[in-house]
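Student: Here is the input, now give the coordinates:
(one chain, ligands or ions: 1)
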Amino acid sequence: MKLRNTIILPSLWVLGAVGVLACGGVRPSATADEGSLKQAIGDRFLIGTALNVRQSSGRDTAALRVVKRHFNAIVAENCMKSAEIHPEEGRYHFDDADALVNLGEANGLTVTGHCLIWHSQLPRWFAVDKEGKPVSAEVLKARMKEHISTVVGRYKGRIKGWDVVNEAIVEDGSYRKTPFYDILGEEFIPLAFQYAHEADPDAELYYNDYGMDNPGRRDGVVRLVKQLKERGLRIDAVGMQGHLGMDYPDIHAFETSMMAFAATGVKVMITEWDMSALPTLTRSANISDISDTAAFRQALNPYPVALPDSVSQRWNARMKEFFNLFVKHSDVVTRVTAWGVTDGDSWKNNFPMPGRHDYALLFDRAYQPKPFVKEIITH
Ligand code: G3I
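Tutor: This next block holds a predicted model:
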């Protein structure tokens, strides 16, 4: 069943449903037991999830049941990053990435490659010589080209699109000072897009970043996209990671950025969607007041057993707001990907402190859809 433009709040739901059915509306809703997220979303945009190696290798069968029923796209959470797939110069480790691509093909799931050039999870050898000193521009260009050509070339025609460069722009819109920038300047980005396109001319190419509601980063990314297009380089979409909190970002600022990126002529993807249900701790506001470790750990991990209903309701309402935003702009949004299958898989359980209990994803630790997801399925 196709989603209408927004999900009606429960209080208006009955009227809405009667209204839709009364005017010869869509088919009766699916039940939560039979429907699926991807069926409810239809062709508005791909709905995907990141997979860890337990899932892409087939070991996490419970998660894979959720993936196959509810999603039509997958992305590697870690196994395609350079430190994992190219741990030493001249040595690649493709087993995990191969398993993920094979899983996608066997189940009709669109596969996204994440990510080719990123300063984090970069193997130590990549930007330094044997003495540990930064390599020359020529050497780094050759290494980037070899890495990208080998990885993208291996999955040519099998991976729909790549996060070519990840997190290269900081909050004021300037370039992040990474080894790539230090050695090659701004040029490393067009080079990465050029190498990826040469390796697979049909693959879509994306720039991916977080905190994209921030006006400085928004303007910096718009400049970057325009520069790539002016040079005739392929860029198909901007990936807005979408790591959200209960009190950030402002949804209107997020929407402004979506529109700014779309205005450059590229599509928009929500590439790493999650929402921490835990309080945002800032050093000034909270942590400096906490003198002992127990209080510190309690503040960072306030709901170790279950989320209070009041917090869960606010979390679901805010997630529904963002989902409705993506549906509203489904003319430019081509993919929404959750950064993990269930709450138990989320990186937010280990950041900013290991051993937290967060509730950041679309399915809970019992592999059940969250209430807002059930509403989408049964709407
Ligand atoms: O593979 C090693 C394993 O051998 C070792 O035993 C284990 C314990 O040390 O660590 C494992 O590596 C971990 C890796 O995830 C794979 O599980 C790293 O320590 C851990 O830091 C790494 O975290 C990932 C993080 O990126 C690294 O920055 C998260 O899973 C992943 O969700 C997160 O994803 C990033 C996106 O790629 C880019 N956008 C931000 C997002 C969140 O940081």
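Student: make it CA atoms for all contacts and neighbour counts henceforth
Tutor: OK.
Student: what about stretch 97-111 and the ligand, any contact?
Tutor: No: Stretch 97-111 lies out of reach of the ligand by C-alpha under 6 Å from any ligand atom, never closer than 13.1 Å.
Student: okay, that stretch in CSV with CA atoms only?
Tutor: Extracted in CSV, the C-alpha atoms of stretch 97-111 (Å, rounded to 0.1, in the frame of the first residue of the first chain):
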residue,chain,number,x,y,z
ALA,A,97,32.5,-7.7,1.5
ASP,A,98,32.0,-10.5,-1.0
ALA,A,99,29.5,-12.2,1.4
LEU,A,100,27.5,-8.9,1.8
VAL,A,101,27.3,-8.4,-2.0
ASN,A,102,26.3,-12.0,-2.5
LEU,A,103,23.6,-11.7,0.1
GLY,A,104,22.3,-8.6,-1.6
GLU,A,105,22.2,-10.3,-5.0
ALA,A,106,20.6,-13.5,-3.6
ASN,A,107,17.8,-11.5,-2.0
GLY,A,108,17.2,-8.7,-4.5
LEU,A,109,18.7,-6.1,-2.1
THR,A,110,20.3,-2.9,-3.6
VAL,A,111,23.9,-2.7,-2.3
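Student: Show me which positions of it end up buried.
Tutor: For stretch 97-111, the neighbour count (16 or more other C-alpha atoms under 10 Å) marks 97-104, 109-111 as buried.
Student: and which of those residues is nearest L51?
Tutor: L100 (8.1 Å; C-alpha to C-alpha).
Student: mind listing what the closest one touches?
Tutor: By C-alpha atoms under 8 Å, 6 or more residues apart in numbering, the contact list for L100 reads 56-57, 76.
Student: could you redo the last one with a cut-off of 7 Å?
Tutor: L100 makes contact with 56-57 under the criterion C-alpha atoms under 7 Å, 6 or more residues apart in numbering.
Student: Find the helix or strand that it is a member of.
Tutor: In the assignment (DSSP states H and E), L100 maps to helix 95-106.
Student: The helix or strand following that helix pairs with which strands, parallel or anti?
Tutor: Sequence-wise, the next helix or strand beyond helix 95-106 is strand 110-117, with elements assigned using DSSP H and E. Within its sheet, and counting by DSSP bridges, strand 110-117 is paired with strand 73-76 (parallel), strand 161-166 (parallel).
Student: Please compute how far the shortest one lies from its chain's middle.
Tutor: Between the centre of strand 73-76 and the centre of its chain there are 9 Å (C-alpha atoms, centre = their mean, to the nearest Å).
Student: need the next SSE after that strand, C-terminal direction.
Tutor: helix 82-85.
Student: Need the residues that contact that following helix.
Tutor: Residues from elsewhere that reach helix 82-85, judged by C-alpha under 7 Å, 6+ apart: 79, 92-94, 116, 121-123.
Student: Among these, find the one with the greatest number of neighbours, please.
Tutor: Within the contacts of helix 82-85, most neighbours by other C-alpha atoms under 10 Å means C79, with 26 neighbours.
Student: what about the nearest residue to C115 once chain neighbours are set aside, how many neighbours?
Tutor: Take C115 and drop its neighbours on the chain: the residue closest to it by C-alpha to C-alpha, 6 or more residues apart in numbering is D163, 4.9 Å away. Residues lying near D163 (other C-alpha under 10 Å) number 24.
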